[in-house]
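> With the sequence up front, the predicted model follows.
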Amino acid sequence: MGEDSNRLADGWGEEPLPPWDTLFGYDRWANERWIAFARSHKWTAGDDVIEHIVRASEIWLSRVHREEPPDPAAETLERRLAACHERWLQTLRSLPSDEIIRYANLAGAQYETALGDIAAHVVNHGTYHRGQLRERAEADGFNDFPETDLILFFRETMRTASL
């Protein structure tokens, strides 16, 4: 190992722009599947988790843009998800991923984080909580819950070349 072996990785804020369209496309696709599942089964046990995923994305966007997050009661969850998705893509196309965002968390602690790292966190955060949704659905006896692994998104939505 070189002399930088103890140095922490800089995160995505310092790397070339990842495929944000793909990552946020996956996030929206997966969230839409869980919302549709919950609605079609009249399953409310996951409502708080689904709401949390969308709300967290809205809050992160509000931090990036230094504005108040939108009122969650003003729109349906589906419309909020779509609007948030479009705003994230617009943001990531217009600001450099290494731009430092200064913000306070919900407890008031101050932080500085690269936009790319925040964006990566938002997508990963949704993945984490969709795992919780799966666990809840299984505990409630469902076996037809949506599969939302990233590889399935690629299989269903992306053209692939065979080697």
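Yes, it's here. Residues are numbered from 1 along each chain as shown.
> pLDDT score assigned to the nearest residue to Asp47 once chain neighbours are set aside?
Leaving aside its sequence neighbours, Asp47 sits nearest to Ala38 (Cβ to Cβ, 6 or more residues apart in numbering; 6.7 Å). Every C-beta, even on glycine, is put in place using the N, C-alpha and C of the backbone. What the model reports as pLDDT for Ala38 is 97.
> Count the neighbours of Ala38 for me.
Per other Cβ atoms under 10 Å, the neighbour tally for Ala38 reads 21.
> Can you name the residues that contact the spatially most central residue of the chain?
The C-alpha lying nearest the average C-alpha coordinate of the chain belongs to Val123 (Cα atoms, centre = their mean; 2.9 Å). Applying Cβ atoms under 8 Å, 6 or more residues apart in numbering to Val123 gives the contacts 23-24, 26-27.
> redo that, cut-off 7 Å
Contact analysis of Val123 by Cβ atoms under 7 Å, 6 or more residues apart in numbering lists 23-24, 27.
> That one in helix, strand or coil?
Recorded secondary structure, Val123: helix (DSSP: H, G, I helix; E, B strand; the rest coil).
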